[in-house]
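Enquirer: sequence unavailable; structure follows:
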């Protein structure tokens, strides 16, 4: 089985108490792909500009990511500049240069349109919906978003939610979009908007999964090694969707395992800048840490 | 086996979006006792004033709490007035009247001094230490504290920590006392001050346990029924210490189960005002919800 991910490919400039990186490879679709690739064939749908280094294209290809639907435009690549201080839980955005993202219309190859599992990472909900209508027979569609769209494109976002199976949000986004402060109430209210499943990411506090069939919580993998949390949420989603795509059957126990794999994948992401750690991650590393994670949370 | 709890017995006035209670029975030692009593014999060491209603004394006695070392002074009972808004995660303290608490010198009966398991709930660390020196052969001592003592009696608190086995703190307190923002680093640094075990309560996000032998995390019991969270932390501690006192052996798996029992006990506390729910809780209720909790967190 294969997976399609729509999202950003970015050049990230990040400062944390542990160092600084300029124009490193980043973006929601890239972080997602780095963990999803450990489970399945990942097809990237994204856009970059003329300034996007060839070495990053080569790098993604070497990692096995299918780039057929990666558009190269003659604008500038999307750039994000941020800083983390103190507990590294919240990013301080210093600048965002949309570049080619402002003219992005995803186009996907005919063969890829038949792929059944789709992750719509955080981009304009109209772009997310644009891709979705071109897919032939979607079976499992998950979408992520962010506060900007909740505030400025609420209608489009709610329209999209009617068409997705899983809505992925962080706790603040879930509260903002639903207007409910209790997270179970928030998840219930969001689910009533369309998605059968709601996945609330709580950063260092783990994840909460809601469906009308069952609720499930996992703490994060406890670690003192936090270097750069950028992309942790997308790495989580990549592990989650990757595992479900590999295992095929969307059962209760498979969903729980998928959440655990996502959690463990994210724990590698935060240990280094950008995709420095996740890009060299192997299934063996992942499974070894899964064994450790079980000791940390099972009783 | 029996358990001694030192702490406050209070008259709480609480307002939440779900109602209002005036001068209801509260206090750290009371909330602790309501869950610990389900596992073991609970001996209360505390002080109340002349205005403390006899009906509350009778009530505690009916619940099986041993009141031999509850002092009745001719000052006024400790009173706390607080309000919860929005997500109910943070209490807004409206007023605190120390009353008899300002002259409290715990005195404990000879027979009770032989009890080996001790919980020092949140009071002045000098009072906590005063009780501890009177105990004959403490085997498992846990202590809780609060920001006020961290700020104003830091030296006394650090002196106390040298004598306790388990330090219980919420995440902010752990960060404040250790000066570390990462919780594992905070726990490690606090453990270096004395306590072999550190228990960090994260409210709606669950709990983190640290010892140099192992680390363990649990999410909270997911619920949308949150009426009044006052005392949830002490109810948690009561379940935790109560279970360990009953089971006797302080092994890794017993500690994990104790953390789960504490979590489940706390989930009842928040469902109603004060001890309205926990005071009528039965071991059967607790075990039934433990089965549900396992489905929510085990994979």
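Expert: Received the coordinates, thanks. This one's a predicted model, so the numbers in the text were calculated from it and none came from an experiment. Numbers count the residues shown, from 1 in each chain, chains lettered A, B, ... in the order given.

Enquirer: tell me who's in contact with the residue nearest in space to the middle of chain A.
Expert: Centroid check for chain A by CA atoms, centre = their mean gives residue A:234 as the closest residue, at 2.4 Å. Residue A:234 makes contacts with A:7, A:28-29, A:31-32, A:121-122, A:144, as judged by CB atoms under 8 Å, 6 or more residues apart in numbering or on different chains. For the C-beta atoms, the positions are set from N, CA and C on the backbone; glycine is no exception.

Enquirer: can you tell me the helix or strand for it?
Expert: Assigned by DSSP states H and E, residue A:234 belongs to helix A:232-247.

Enquirer: buried set for the very next helix or strand once past that helix?
Expert: As assigned by DSSP H and E, the chain's next helix or strand after helix A:232-247 is helix A:252-269. Residues of helix A:252-269 classed as buried: A:254-269 (neighbour count, 16 or more other CB atoms under 10 Å in any protein chain shown).

Enquirer: stretch A:94-112 too?
Expert: Neighbour counts over stretch A:94-112 (16+ other CB under 10 Å) mark A:97, A:99-101, A:104, A:106, A:108, A:112 as buried.

Enquirer: is stretch A:156-174 up against chain B anywhere?
Expert: No - Stretch A:156-174 does not reach chain B (CB under 8 Å from any CB of the partner chain); its nearest approach is 9.4 Å.

Enquirer: number of residues surrounding residue A:207?
Expert: When neighbours are defined as other CB atoms under 10 Å in any protein chain shown, residue A:207 has 26 of them.

Enquirer: in strands, which of the buried residues of stretch A:94-112 appear?
Expert: residue A:97 (DSSP state E).

Enquirer: still on that earlier bit, okay, the angle between the helix holding residue A:234 and helix A:252-269?
Expert: Angle of helix A:232-247 versus helix A:252-269, following axes from the mean of the first three to the mean of the last three CA atoms, to 10 degrees, is 140 degrees.

Enquirer: for helix A:232-247, give the mean pLDDT please.
Expert: The average pLDDT for helix A:232-247 rounds to 98.

Enquirer: mind listing what's buried in it?
Expert: By neighbour count on 16+ other CB under 10 Å, the buried set for helix A:232-247 is A:232-247.

Enquirer: list just the nearest of those residues to residue A:178.
Expert: Proximity of the buried residues of helix A:232-247 to residue A:178 (CB to CB) peaks at residue A:233, which lies at 18.2 Å.

Enquirer: in the sheet, who's paired with the residue nearest to that closest one when sequence neighbours are not counted?
Expert: Spatial nearest neighbour of residue A:233, chain neighbours left out: residue A:201 (5.0 Å); criterion: CB to CB, 6 or more residues apart in numbering or on different chains. Applying DSSP bridges to residue A:201 yields these beta-bridge partners: residue A:170, residue A:207.

Enquirer: tell me the contacts of residue A:201?
Expert: A:168-171, A:207, A:233, A:236.

Enquirer: any chance of those residues in a markdown table, with distance to residue B:183 too?
Expert: A markdown table is the format used below for those (distance: CB to CB, whole Å):
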| residue | distance to residue B:183 |
| --- | --- |
| A:168 | 24 |
| A:169 | 23 |
| A:170 | 19 |
| A:171 | 17 |
| A:207 | 17 |
| A:233 | 19 |
| A:236 | 19 |
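
Enquirer: quickly check those residues for the two that are furthest apart.
Expert: A:171 and A:236 (13.4 Å).

Enquirer: which residues of the stretch 1-150 of chain A lie near chain B?
Expert: Checking the stretch 1-150 of chain A against chain B by CB under 8 Å from any CB, the hits are A:86-88.

Enquirer: what about the strands in the stretch 51-200 of chain A?
Expert: For the stretch 51-200 of chain A, the strands defined by DSSP state E, counting those that start in this stretch occupy A:66-72, A:79-84, A:91-97, A:117-120, A:140-144, A:166-170, A:197-201.

Enquirer: any idea which of the ones you listed is most buried?
Expert: strand A:117-120 (a mean of 28; mean count of other CB atoms under 10 Å in any protein chain shown).

Enquirer: just to revisit the earlier point, and the strands of the stretch 51-200 of chain A, which one's lowest on average pLDDT?
Expert: Here the strands of the stretch 51-200 of chain A differ in mean pLDDT, and the lowest is strand A:91-97 at a mean of 91.

Enquirer: which other residues reach it?
Expert: A:13, A:76, A:78-85, A:229-230.

Enquirer: 7 Å instead?
Expert: The set of residues external to strand A:91-97 that reach it, using CB atoms under 7 Å, 6 or more residues apart in numbering or on different chains, is A:76, A:78-85, A:230.

Enquirer: pull the most distant pair out of those.
Expert: Of all the pairs that the contacts of strand A:91-97 form, the one spanning the most space (CB to CB) is A:76 and A:85, at 28.0 Å.

Enquirer: comparing these two, which residue is more hemmed in?
Expert: A count of neighbours by other CB under 10 Å puts residue A:76 above the other of residue A:76 and residue A:85, at 17 against 13.

Enquirer: wait, doesn't the more buried one sit right on residue A:49?
Expert: Yes - between residue A:76 and residue A:49 there is a contact under CB atoms under 7 Å: 4.3 Å.

Enquirer: overlap in contacts, those two.
Expert: Common neighbours of residue A:76 and residue A:49 are listed as A:99-100 (criterion: CB under 7 Å, 6+ apart).

Enquirer: about what we covered before: okay if I get the strands of the stretch 51-200 of chain A as JSON lines plus distance to residue B:43?
Expert: Shown next, in JSON lines, are these (distance: least, CB to CB, whole Å):
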{"stretch": "strand A:66-72", "distance to residue B:43": "67"}
{"stretch": "strand A:79-84", "distance to residue B:43": "48"}
{"stretch": "strand A:91-97", "distance to residue B:43": "50"}
{"stretch": "strand A:117-120", "distance to residue B:43": "56"}
{"stretch": "strand A:140-144", "distance to residue B:43": "53"}
{"stretch": "strand A:166-170", "distance to residue B:43": "45"}
{"stretch": "strand A:197-201", "distance to residue B:43": "42"}
